[in-house]
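Student: The amino acid sequence is not available; the structure is as follows:
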């Protein structure tokens, strides 16, 4: 890579990195750690390398022009690679809210764009600097923005159905591909493509972030009160007289007495860990130092895992109506396991 390209690269790439930093600052709960951010940038860069190989292989067999291919084929390949990384993060509970999913998506897209822009700078070193900067900035925002929108839509759908299949990926993927295709249509005029991207994607991402933060704040307040009430009813011995207790007693025909006792213990331990996790989020939002996870909490996590094995899939599913087992409910415990 020539010295001229190395001098131009920071000018073309720095704005999108600053935008990524801005998204991280919008995250009041500090859900995405710095180490994870670098890992996401690296995986996005790797996805760009894989897409280069796949696009070359696919274009050899494509009967149309390169312009047609870039509009109708390459967006599907590139967005599918980013989507595969995002589904892995969501299904393994490494992200669990639209906020951190959006940041993770933008980081992956940024890593993807950094490699693509470096390739463009190296392949066309004599292009006017202003054109390279405008195109590079627009491409970076596009890749980051489409991945962020894909991530937030997909995360929202998996939040409602934590055990849902890959078909839940399709709405977000279709939205990302549509935006990517629209950008490539305008790319014959880089300034227009960049302007359209800057007018649409950052504004949409900001609105979704703001809405997601308010939903998260409401969820913490409402769900924390519910968790505390459940624990109080178990501690004071009034649980069996509540609606939840009557539901648990109605399971006598399906489960043995010791299994019902394990279910009650599971509810108690899960509730204690849920309260602890929400406390961590509240500390982060307030900017207060977060205490280390104490051994007692780690013991409870181990106990919860042991109870899950003892109850089996049927037992855990039977408890879902009492636990509101949404994606957020499942994800929150990963805060304590990290």
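Tutor: Perfect, I can see it now. Predicted model, so just to flag it, every value in this text is computed and none were measured.
Student: make it CA atoms for all contacts and neighbour counts henceforth
Tutor: Fine.
Student: Might you list the low-confidence residue ranges for the stretch 201-338 of the chain?
Tutor: Scanning the stretch 201-338 of the chain for pLDDT under 70 picks out 324-330, 338.
Student: those helices in it, which residues are they?
Tutor: 243-249, 257-286, 295-323, 327-331, 334-337 (DSSP state H, counting those that start in this stretch).
Student: in the last one, what counts as buried?
Tutor: Going back to what we said before, that points to helix 334-337. By neighbour count with 16 or more other C-alpha atoms under 10 Å, helix 334-337 contains the buried residues 334-336.
Student: Give me the most central residue, this structure.
Tutor: Geometric centre of the chain, nearest residue: residue 101, 2.0 Å, by C-alpha atoms, centre = their mean.
Student: That residue against residue 150, yeah?
Tutor: No: shown here, residue 101 and residue 150 do not form a contact pair, counting by C-alpha atoms under 8 Å, at 9.0 Å.
Student: before we move on, the earlier item: just the pLDDT for the residue nearest to the centre of the chain.
Tutor: Residue 101 carries a pLDDT value of 87.
Student: same check, this time on residue 108
Tutor: Taking residue 108 on its own, its pLDDT is 93.
Student: Please work out how many residues are found near it.
Tutor: Residue 108 has 31 neighbouring residues, counting by other C-alpha atoms under 10 Å.
Student: so where do the helices sit in the stretch 51-200 of the chain?
Tutor: Counting by DSSP H, counting those that start in this stretch, the helices of the stretch 51-200 of the chain are 66-72, 74-91, 98-123, 129-160, 170-186, 190-236.
Student: Can you lay out those as JSON lines showing distance to residue 279?
Tutor: Listed next are the helices of the stretch 51-200 of the chain as JSON lines, based on distance: least, C-alpha to C-alpha, whole Å:
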{"stretch": "helix 66-72", "distance to residue 279": "47"}
{"stretch": "helix 74-91", "distance to residue 279": "22"}
{"stretch": "helix 98-123", "distance to residue 279": "18"}
{"stretch": "helix 129-160", "distance to residue 279": "21"}
{"stretch": "helix 170-186", "distance to residue 279": "32"}
{"stretch": "helix 190-236", "distance to residue 279": "9"}
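Student: do you know which of the ones you listed lies nearest residue 320?
Tutor: helix 129-160 (13.0 Å; C-alpha to C-alpha).
Student: buried ones in the closest one?
Tutor: Buried-residue list, helix 129-160, by 16+ other C-alpha under 10 Å: 129, 132-159.
Student: Same question for stretch 80-92.
Tutor: In stretch 80-92, counting by 16+ other C-alpha under 10 Å, buried: 80-83, 85-87, 89-91.
Student: same thing with stretch 59-68?
Tutor: Quick answer for stretch 59-68 (16+ other C-alpha under 10 Å): residue 59.
Student: Residues touching it, excluding its own?
Tutor: residue 69 (C-alpha atoms under 8 Å, 6 or more residues apart in numbering).
Student: ok now that stretch, how far from the chain's centre?
Tutor: 33 Å (C-alpha atoms, centre = their mean, to the nearest Å).
Student: now swap in stretch 159-174 and tell me
Tutor: 13 Å.
Student: for the record, mean pLDDT for that stretch?
Tutor: Here the average pLDDT along stretch 159-174 is 84.
Student: List the buried residues for it?
Tutor: Buried, per 16+ other C-alpha under 10 Å, within stretch 159-174: 159, 162, 168-169, 172-173.
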